[in-house]
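# Let me see the structure of the following:
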Amino acid sequence: MNAPAIRKAFSLRYLMGTSAIVLFGCCTANAQEKPKPAAAAPKAAAPKAAAPAGKSATPAAAGRGPTTSGAGRGPTTTSGAGRGPTTGGAGRGTAGGGAGRGATAGGGGRGPAAGGRNVTASGHPAANGHTTVRAANGSAITRRPGGRVADVHDARRGMDVHHGLNGGRSVRVEGRDGHRVYAERGGRGYVQSRYSFHGREYGHRTYYEHGRAYDRFYRGYPYHGVYVEMYAPGFYYRPAFYGWAYNPWVAPVPYAWGFAAAPWYGYYGPYYTPYPVYPSASVWLTDYMISQTLAASYQARLDAGAGAQAEPAPAVSNAAPLTPAVKDLIAAEVQRQIALANAESQTVSQNGELDPASSGIQRMLTDNVQHVFVAGKDIDVVDAAGAECAISQGDALQLPRPPAPDATAVQLVVLSSKGGVECKRGNTVSVELADVQDMQNHMRETIDSGMGELQTKQGQGGLPTLPPSANAPPTKTAMAADAPPPDPTAATQINQQMGEAEKAEQEVIGQTAAPADSAGQNAPPPAAAPPAGPPKEIGLGQTFDQVTAILGQPKSVVDLGAKKIYVYPDMKITFNGGKVTDVQ
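Numbers count the residues shown, from 1 in each chain. Below is the predicted model of the structure:
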């Protein structure tokens, strides 16, 4: 059945929609089961979608470590000025949901990488001006220009700590048995354990945030020598529901989201505007995904700021909001992911298994489509000039061309940015394969959640009513049914590792400090202590520069837009509009 016929069938109360989508799914599923070369994954054949909100939905053309203890300072490495990024990207996650990042195929913990590359303490390529000092026991610390800590690797604990440009901090601990704990400020994060299903290794994650626990599943696979983990749905809907979600509705409908008064929307108001009307579920799901992502980002800022309500984001000169054209590109990608889920549902229903070459990023990076990705976590990357910049939740990026066959990172073009320390629109940035896979995972996971919302709210608020053939609950997969139960200790483990991270950082700083003179009595006597100076005074109205001149650089910075909190070992200083307004 061709595309016009499918549309016609759906318009006539979807009498033939089920047969059309089953036919499409079976064809794609059969193609998915066939062996395929790594560089030429199949492209899902799907009916052409209607353009969202009267605009084109087609992307525009465009070109881990030793456990012995020991002090002693190891080698110091500084990234050269003017040097561009190496093949691997410099992305480090600072938000929950990140997929596993193994340094080599077969996975394992992270840590300093070998091979002569200039890398950070956690094994990522370093941006210009970054300096890494390594201890004899394998631990290391990387500092940004000016001395602020960027990355810490504790070899004894198997722990990596990253301080993001946006002020967040993430902690990741890898066990030799595949057990992983990922934690953030505010008690958010996940615990992952491995299990086998039909001879394949899967990761079962128990996520925890704000008292709520939920689980997700991932299939690990090697790609370009890197071990990445793709989302493996724990359930699928009926083909008729995927067809209803893929194809245009009879007529565009308005929809009131109800988040106009939500704090996160006020904060991100200049960056994001919902569609006025919705011609299809894929367009509705686009706004669902973006709004959910930005709401999560806002909550992460509150968590980092110990509950202080963020003020509206200040206008910055290099901000680049999500334009209608960029949102159309995202809507087209959402539609492609719906088609992929439908094809997978056919394969799984016939006891088949997911093929990473089709369901993971391999297909997306080799099918000559300029795919669009939406960041589901904050990462720091390196641009074409070798400078470090940030990608935050809700930013959009596009693949201009396939990567080289041996690339461990992907060059993506920034389509939207919130300004400040974020990468500028139009910049080409190097994003590691694991982070690219994370972005696809985020989109697919959010689409699955959004389709559940659509099914619940169909026929309400202007949304079309589902045809009977599509109105059925999802079916749990055998892979998910065979998985071990969620980890009931996830919240405890996440909080424990955040506490351990503080100790780890101090220990590694000590291990990488200059060694004390061991010449005994031949050593010169210690210099006399300088006379005590006047007490350090911080007053209201002082600027950033005045405070740092007195106290030095803060241990961390909580960026809440116009409000910023400088965190020192013995105090917290709050700025509003660049001036001190509170000291605790």
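# Hmm, Ile494 is touching Gly186, no?
No: checked against Cβ atoms under 8 Å, the pair Ile494 and Gly186 is beyond contact range at 9.8 Å. Yep, even glycine has a C-beta here, placed from its N, CA and C like the rest.
# For the two, indicate the residue with more neighbours.
Ile494 (25 against 21; other Cβ atoms under 10 Å).
# Next up, the contacts around the more buried one.
By Cβ atoms under 8 Å, 6 or more residues apart in numbering, Ile494 lies in contact with Val181, Tyr182, Ala183, Gly187, Arg188, Gly189, Tyr190, Val191, Tyr208.
# Secondary structure for these - can I get that in CSV?
Shown next, in CSV, are the contacts of Ile494 (DSSP: H, G, I helix; E, B strand; the rest coil):
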residue, secondary structure
Val181, strand
Tyr182, strand
Ala183, strand
Gly187, coil
Arg188, coil
Gly189, strand
Tyr190, strand
Val191, strand
Tyr208, strand
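# Pull out the buried members of the residues you listed.
Burial by neighbour count, 16 or more other Cβ atoms under 10 Å: within the contacts of Ile494 this picks out Val181, Tyr182, Ala183, Arg188, Gly189, Tyr190, Val191, Tyr208.
# tell me which of these is nearest to Tyr265?
Nearest to Tyr265 out of those is Arg188 (Cβ to Cβ; 20.7 Å).
# which residues does that closest one contact?
Contacts of Arg188 by Cβ under 8 Å, 6+ apart are Gly96, Tyr208, Glu209, His210, Ala300, Asp303, Ile494.
# average pLDDT across the strand or helix carrying the fifth one?
Element membership for Ala300 (DSSP states H and E) is helix 281-304. Here helix 281-304 scores 92 as its mean pLDDT.
# Can you list the residue ranges for helices in the stretch 351-500 of the chain?
Applying DSSP state H, counting those that start in this stretch to the stretch 351-500 of the chain gives helices spanning 356-359, 361-366, 433-457, 478-481, 490-511.
# can I get those helices in a markdown table with mean pLDDT and distance to Gly175?
Formatted as a markdown table, the helices of the stretch 351-500 of the chain follow (pLDDT from 0 to 100; distance: least, Cβ to Cβ, whole Å):
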| stretch | mean pLDDT | distance to Gly175 |
| --- | --- | --- |
| helix 356-359 | 94 | 24 |
| helix 361-366 | 96 | 26 |
| helix 433-457 | 97 | 18 |
| helix 478-481 | 95 | 23 |
| helix 490-511 | 94 | 11 |
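# quick one: which of these is nearest Phe241?
helix 433-457 (7.0 Å).
# quick check: domain ranges of the chain?
Structurally, the chain divides into domains by automatic domain parsing as follows: 3-62+234-481, 73-233+487-511, 535-583.
# Just list the residues touching the closest residue to Ser449 other than its chain neighbours, thanks.
Leaving aside its sequence neighbours, Ser449 sits nearest to Gln292 (Cβ to Cβ, 6 or more residues apart in numbering; 7.4 Å). Contacts for Gln292 (Cβ under 8 Å, 6+ apart) come out as Thr446, Ser449, Gly450.
# Looking at those, spot the one nearest Pro276.
Proximity of those to Pro276 (Cβ to Cβ) peaks at Gly450, which lies at 18.8 Å.
# what stretches of this protein score poorly on pLDDT?
Along the chain, segments meeting pLDDT under 70 span 1-117, 305-317, 514-536, 561.
# residue nearest the centroid of it?
Lys377 (3.0 Å; Cα atoms, centre = their mean).
# surely that residue meets Gln393?
Yes: the pair Lys377 and Gln393 passes the contact test of Cβ under 8 Å, sitting 6.2 Å apart.
# gap between Ile290 and Lys563?
Distance from Ile290 to Lys563, counting by Cβ to Cβ, to the nearest Å: 24 Å.
# who has more neighbours, those two?
Ile290 (23 against 19).
# rewinding a little: from the contacts of Arg188, which would you call buried?
Buried among the contacts of Arg188 by 16+ other Cβ under 10 Å: Gly96, Tyr208, Glu209, Ala300, Asp303, Ile494.
# secondary structure element for Gly243?
Using DSSP H and E, Gly243 maps to helix 239-246.
# Helix 433-457 and that helix, what's the angle between them?
Helix 239-246 and helix 433-457 are oriented at 100 degrees to each other (axes from the mean of the first three to the mean of the last three Cα atoms, to 10 degrees).
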